[in-house]
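>>> any chance you could fold what I've pasted below:
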Amino acid sequence: DQAAIYKTDTYEFFGGISKGIEKRSKARTRIISSAISKLIENSSNVLIMGHRFSDLDSVGSGIGMYCAAVSLGKTAKIVINRKQTLAVGLTDMAEEKLGNIFCEPKEALKLLDRNTLLIICDTHREDVLESTELYRAAQTVVIIDHHRKNVDFISNAIVFQHDPGASSASEMVSELLQYMPSKPPIDECMADAMLAGIMLDTKNFALKTGVRTFEAAAFLKSKGADTVRVRRLFMNKLEDMKLRNDMVSSCEKYRDCAIAFADFDSPNIRTVTSQAADEMLNIEGIKASFTMFDSNGTVNLSARSLGDINVQVIMESLGGGGHLTMAAAQLPESEFESAKTRLCAAIDKYYSQLKK
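Take a look at the predicted model:
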């Protein structure tokens with residue numbers, strides 16, 4: 001229920017107020033699973049890539065597709081910037097249990113040839129890819145993503161598995177694995193990785209959780225996934241928890257939204273601010289939360305909601321995107337106050353559309 005109008009060098013969005021609907025039919029999943037299997041079989045090797053500042057869902061779904069590629073006898077690597085990933089615990093665990101499955105973007109370019117299959121998980125936008133150069137050099141591309149489609153989506157994918165009704169890319173991958181003819185042998189580490197991705201995007205099965213989400217979790221549990229091991233992947237350092245709590249305690253309320261700023265430096269600032277946004281949703285009367293932090297003169301916005309407010313629409317009006325309960329944007333602002341002014345204007349615009 002959303003339309004986009006192109007104006008000079010930007011888009012103006014209308015609608016997009018309703019929630020995504022979970023698709024119950026699995027016929028498409030079977031067809032897509034078979035198609036991806038054939039593409040893997042016909043490839044020389046497989047490279048798997050997610051978005052920049054990869055999280056548990058991006059890495060978890062990537063590990064699932066790595067399992068699929070290896071089961072079909074192909075050499076596979078997950079492309080990730082180890083210095084920027086937000087899923088350090090998962091990457092360390094996977095490397096310990098599965099071996100050398102990751103490679104840096106520069107290394108991946110050396111592995112690429114005309115028959116390489118590039119699988120992109122948890123995003124469908126070129127501007128947020130781990131390596132834009134790798135995508136542009138690849139000739140065969142597959143997309144697996146659950147975010148609501150953006151105007152600048154990757155349009156040349158051979159297979160575009162896009163389901164905004166799914167909770168996460170890890171949920172989608174776990175479904176695909178069940179229908180692959182090769183029946184990929186999923187071990188405990190792989191199951192843990194995908195379950196971690198589902199738990200991240202659903203906030204421990206609280207948000208955007210449907211019947212298929214629980215079915216995927218049950219499947220992964222049957223493959224050896226352990227909720228205690230997965231929970232350890234979410235643990236934080238004491239210093240980060242203190243910074244998160246400082247942000248929450250200093251938040252400001254605007255309409256039904258909470259807004260907080262990160263006026264500190266931390267190597268884990270992205271994780272701290274996103275967790276602070278999650279935490280502010282526990283405040284009575286708050287329907288959406290927004291956090292900001294500065295990165296090289298650009299203000300980064302994280303947005304969260306419980307579903308009453310569509311933060312994707314608000315972030316889209318600021319040049320970002322995401323989905324109903326989780327979204328983000330970047331503003332070329334040098335001051336928090338000017339960024340806050342733009343954010344409040346976007347919130348006002350959203351509320352004005354609700355009244356129409």
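>>> for the rest of this, base every contact and every neighbour count on C-alpha atoms.
Will do.
>>> list the contacts of Thr75.
Shown in contact with Thr75 (C-alpha atoms under 8 Å, 6 or more residues apart in numbering): 44-46, 69.
>>> mark which of those are part of helices, please.
By the criterion of DSSP state H, membership of the contacts of Thr75 in helices covers Ala69.
>>> which one of the contacts of Thr75 sits in the busiest neighbourhood?
Ala69 (27 neighbours; other C-alpha atoms under 10 Å).
>>> which residues are contacting stretch 246-254?
258-262, 273, 276-277, 279-280, 344.
>>> next, count neighbours for Gly224.
15.
>>> now it: phi and psi?
Dihedral pair for Gly224: phi 110, psi 10, per degrees, to the nearest 10.
>>> that one contacts Ala191, correct?
Yes - with contact defined as C-alpha atoms under 8 Å, Gly224 and Ala191 form a contacting pair (6.5 Å).
>>> so what touches stretch 78-88?
Against stretch 78-88 from outside (C-alpha under 8 Å, 6+ apart): 47-50, 52-56, 59, 62-63, 66, 101-105, 108, 130, 268, 270-271.
>>> list buried residues within those.
Taking 16 or more other C-alpha atoms under 10 Å as the criterion, what is buried in those is 47-50, 52-56, 59, 62-63, 66, 101-105, 108, 130, 270-271.
>>> please enumerate the strands of the stretch 251-356 of the chain.
For the stretch 251-356 of the chain, the strands defined by DSSP state E, counting those that start in this stretch cover 252-254, 257-262, 288-295, 298-305, 321-323, 326-331.
>>> for Arg30, which of the ones you listed is the nearest?
Of all the strands of the stretch 251-356 of the chain, it is strand 321-323 that lies closest to Arg30, at 24.9 Å by C-alpha to C-alpha.
>>> give me the sheet partners of that closest one and which way each runs.
Strand 321-323 sits in its sheet next to strand 326-331 (antiparallel), going by DSSP bridges.
>>> tell me how far the partner strand is from the chain's mean position?
Its chain's average C-alpha position is 12 Å from that of strand 326-331, according to C-alpha atoms, centre = their mean, to the nearest Å.
>>> contact partners of stretch 262-273?
Applying C-alpha under 8 Å, 6+ apart, the external contacts of stretch 262-273 come out as 86, 240-241, 243-244, 247, 291-294, 302.
>>> run the last query once more with 10 Å
Stretch 262-273 has contacts (C-alpha atoms under 10 Å, 6 or more residues apart in numbering) with 53, 55, 84, 86-87, 236-237, 239-248, 250, 260-261, 275-279, 290-295, 300-303, 336.
>>> output that stretch as PDB, nothing but the C-alphas.
The C-alpha trace of stretch 262-273 is given here as PDB (Å, rounded to 0.1, in the frame of the first residue of the first chain):
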ATOM      1  CA  ALA A 262      25.000   9.200  22.000                       C
ATOM      2  CA  ASP A 263      27.400  12.000  23.100                       C
ATOM      3  CA  PHE A 264      30.300   9.600  23.700                       C
ATOM      4  CA  ASP A 265      32.900   7.600  21.800                       C
ATOM      5  CA  SER A 266      32.900   3.900  21.900                       C
ATOM      6  CA  PRO A 267      34.200   1.100  19.600                       C
ATOM      7  CA  ASN A 268      30.700  -0.500  20.000                       C
ATOM      8  CA  ILE A 269      28.700   2.600  19.500                       C
ATOM      9  CA  ARG A 270      26.400   1.000  16.800                       C
ATOM     10  CA  THR A 271      25.500  -1.800  19.100                       C
ATOM     11  CA  VAL A 272      25.000   0.400  22.100                       C
ATOM     12  CA  THR A 273      22.700   2.800  20.300                       C
END
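>>> show me what the mean pLDDT comes to for that stretch.
Mean pLDDT, stretch 262-273: 93.
>>> now do the buried residues in that stretch.
Using 16+ other C-alpha under 10 Å as the test for burial, stretch 262-273 gives 262, 269-273.
>>> what would the residues you listed look like in TSV with distance to Asp152?
Listed next are the buried residues of stretch 262-273 as TSV, based on distance: C-alpha to C-alpha, whole Å:
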residue	distance to Asp152
Ala262	29
Ile269	27
Arg270	24
Thr271	26
Val272	28
Thr273	26
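>>> which two of the residues you listed have the greatest separation?
Maximum pairwise distance among the buried residues of stretch 262-273 (C-alpha to C-alpha): 11.5 Å, between Ala262 and Thr271.
>>> how far does stretch 57-72 sit from its chain's centre?
Its chain's average C-alpha position is 15 Å from that of stretch 57-72, according to C-alpha atoms, centre = their mean.
>>> report the longest helix in this protein, please.
Using DSSP H, we find that the single longest helix of the chain is helix 336-354.
>>> what's it packed up against?
On a contact count with 3 or more C-alpha pairs under 10 Å, 6 or more residues apart in numbering; DSSP states H and E, helix 336-354 meets strand 10-15, strand 252-254, strand 257-262, strand 288-295, strand 298-305, helix 311-316, strand 326-331.
>>> ok, which of those comes nearest Val142?
Using C-alpha to C-alpha as the measure, strand 326-331 is the one of the helices and strands packed on helix 336-354 that comes nearest Val142, at 23.0 Å.
>>> give me the angle between the closest one and helix 336-354.
130 degrees (axes from the mean of the first three to the mean of the last three C-alpha atoms, to 10 degrees).
>>> for strand 326-331, give the mean pLDDT please.
Rounded mean pLDDT across strand 326-331 is 92.
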